[in-house]
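S.K.: Sequence first, predicted coordinates after that:
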Amino acid sequence: MRISAIRAQPLRVWLPLAASLLVIGCATSLGGPRGERQRPSSPIAAASTAPTSAPDDVGGGAAPGAAASLRPATPAPPTATSSPVLPAPQPEPFALDLYREGDFVGQYTFEWCVGASVQMTLNMLRPEDDRTRATQERLWARARALSDSPFGGANPVGWVPLLNELDIGEWRLLSVPTLDEAVHEAARAIRATDRPVSLVMWRGRHAWVMSGFTSLGDPAATEDFEVTGVYVLDPLFPHGSSTWGPSPKPNSLLTPAQLGEQFVARTSGRIDLGVPPGYLLILPVG
């Protein structure tokens, strides 16, 4: 999609006042296409002209018998010409998705979502896919052992160090206060590292993988980009949850609002994860 903008044209109104002219420059503010933020044009500096000086003969004519002495009129300076102010360029659509057919693997039990999410992350980063139950069970058992949870499960305390053991780069747990900030951080990390992001869903109770995104603006080129969609993998598909809703199909493109129906901030918990309450992401570090 090519986004075009309308060039603002200056409007000048000339008002005669005595022997001088006042030029007023006015730049219109033009908005972009529907749904984009208004970007006001920079004001155009006013141009002015100086009045023509009168002859230096105040008091009337010259004395009798003397030649009249006249000074040539001072020419008026040229009127300043204002250059048109161009609107800021609008961001271009951008998309990145790391998913390949065959990368998805569902969780083999209702407890192994972390193991399945790590397994899908490995599939996206390695040449060959591994969808075996044995690999998923091994990954989940290691995450559970590193989590040291009194409830016998796996959580981000063990999930992050497991990823850091697998020779696929460095990872960290991040908590942010808003959904908008969360999808921005995720998109920025995916763009910078070409690795997926893990999402801690359902207030800290489930695991998804974000494999890519769509945006207005490239996160590698600007901080002022807008995430319009996220590609996600829910290992619980096709079962879903009676509380949180159905699981999207593998590599579904959701709007941030649709993601927010299940990606909800963790406000409290019985386990100290070492981060403040908020939307929890496990990000690849570039």
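M.R.: Perfect, thanks for sending it.
S.K.: check contacts around the closest residue in space to Gln136 that isn't next to it in sequence.
M.R.: Excluding its sequence neighbours, the residue lying closest to Gln136 (C-beta to C-beta, 6 or more residues apart in numbering) is Gly115, at 4.5 Å. The C-beta positions use only the backbone N, C-alpha and C, and glycine is treated the same way. Applying C-beta atoms under 8 Å, 6 or more residues apart in numbering to Gly115 gives the contacts Gln107, Gln136, Glu137, Arg138, Leu139, Trp140, Ala141, Ala143, Ala154.
S.K.: In PyMOL, select just the buried ones from the residues you listed.
M.R.: Here is the PyMOL command that selects the buried residues among those (16 or more other C-beta atoms under 10 Å):
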select buried, resi 107+136+139+140+143+154
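S.K.: Pipe the contacts of Gly115 into CSV and attach secondary structure, distance to Pro276 and pLDDT per row.
M.R.: Below are those laid out as CSV (DSSP: H, G, I helix; E, B strand; the rest coil; distance: C-beta to C-beta, whole Å; pLDDT from 0 to 100):
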residue, secondary structure, distance to Pro276, pLDDT
Gln107, coil, 28, 98
Gln136, helix, 31, 98
Glu137, helix, 33, 98
Arg138, helix, 32, 98
Leu139, helix, 28, 98
Trp140, helix, 27, 97
Ala141, helix, 29, 97
Ala143, helix, 22, 98
Ala154, coil, 21, 94
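S.K.: give the contact list for Asp194.
M.R.: Taking C-beta under 8 Å, 6+ apart, one finds Leu98 in contact with Asp194.
S.K.: same for the longest strand along the chain, what does it pack against?
M.R.: When the chain is parsed with DSSP state E, its longest strand is strand 206-216. Contacts defined by 3 or more C-beta pairs under 8 Å, 6 or more residues apart in numbering; DSSP states H and E place strand 206-216 against strand 93-97, helix 113-125, helix 179-193, strand 197-201, strand 226-233.
S.K.: Can you add mean pLDDT and distance to Pro250 and give the ones you listed back as a markdown table?
M.R.: Output for these, formatted as a markdown table (pLDDT from 0 to 100; distance: least, C-beta to C-beta, whole Å):
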| stretch | mean pLDDT | distance to Pro250 |
| --- | --- | --- |
| strand 93-97 | 98 | 12 |
| helix 113-125 | 98 | 9 |
| helix 179-193 | 98 | 17 |
| strand 197-201 | 98 | 15 |
| strand 226-233 | 98 | 6 |
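S.K.: want to throw the ones you listed into CSV with distance to Pro284?
M.R.: As requested, the helices and strands packed on strand 206-216 are exported to CSV (distance: least, C-beta to C-beta, whole Å):
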stretch, distance to Pro284
strand 93-97, 13
helix 113-125, 9
helix 179-193, 4
strand 197-201, 7
strand 226-233, 15
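S.K.: among these, which is nearest Tyr279?
M.R.: Minimum separation from Tyr279 across the helices and strands packed on strand 206-216 (C-beta to C-beta) falls at helix 179-193, 3.9 Å.
S.K.: what's next to the closest one, contact-wise?
M.R.: 96, 98, 169, 174, 176, 195-197, 199, 210-213, 215, 218-220, 225, 227, 230, 256, 259-260, 263, 265, 278-279, 281, 283-286.
S.K.: What of stretch 200-210?
M.R.: The contact list for stretch 200-210, computed with C-beta under 8 Å, 6+ apart, reads 113-114, 116-117, 120-121, 124, 155-156, 159, 186, 190, 196-199, 230-236, 241, 243-244, 262-267, 269, 273, 280-282.
S.K.: Ends of that stretch, what's the gap?
M.R.: With C-alpha to C-alpha, to the nearest Å as the measure, the first residue of stretch 200-210 is 11 Å from its last.
S.K.: same deal with stretch 190-200?
M.R.: End to end - C-alpha to C-alpha - stretch 190-200 spans 16 Å.
S.K.: Buried residues, that stretch. List them.
M.R.: Neighbour count says stretch 190-200 has Ile190, Arg191, Thr193, Arg195, Pro196, Val197, Ser198, Leu199, Val200 buried, by 16+ other C-beta under 10 Å.
S.K.: ok, these vs Ser83, which is closest?
M.R.: Nearest to Ser83 among these, with distances taken as C-beta to C-beta, is Arg191, at 35.7 Å.
S.K.: For Ser252, see how far away that closest one is.
M.R.: 20 Å (C-beta to C-beta, to the nearest Å).
S.K.: Check Trp208 too.
M.R.: The value you get for Trp208 to Ser252, if C-beta to C-beta is used, is 11 Å.
S.K.: With that, I have no additional questions.
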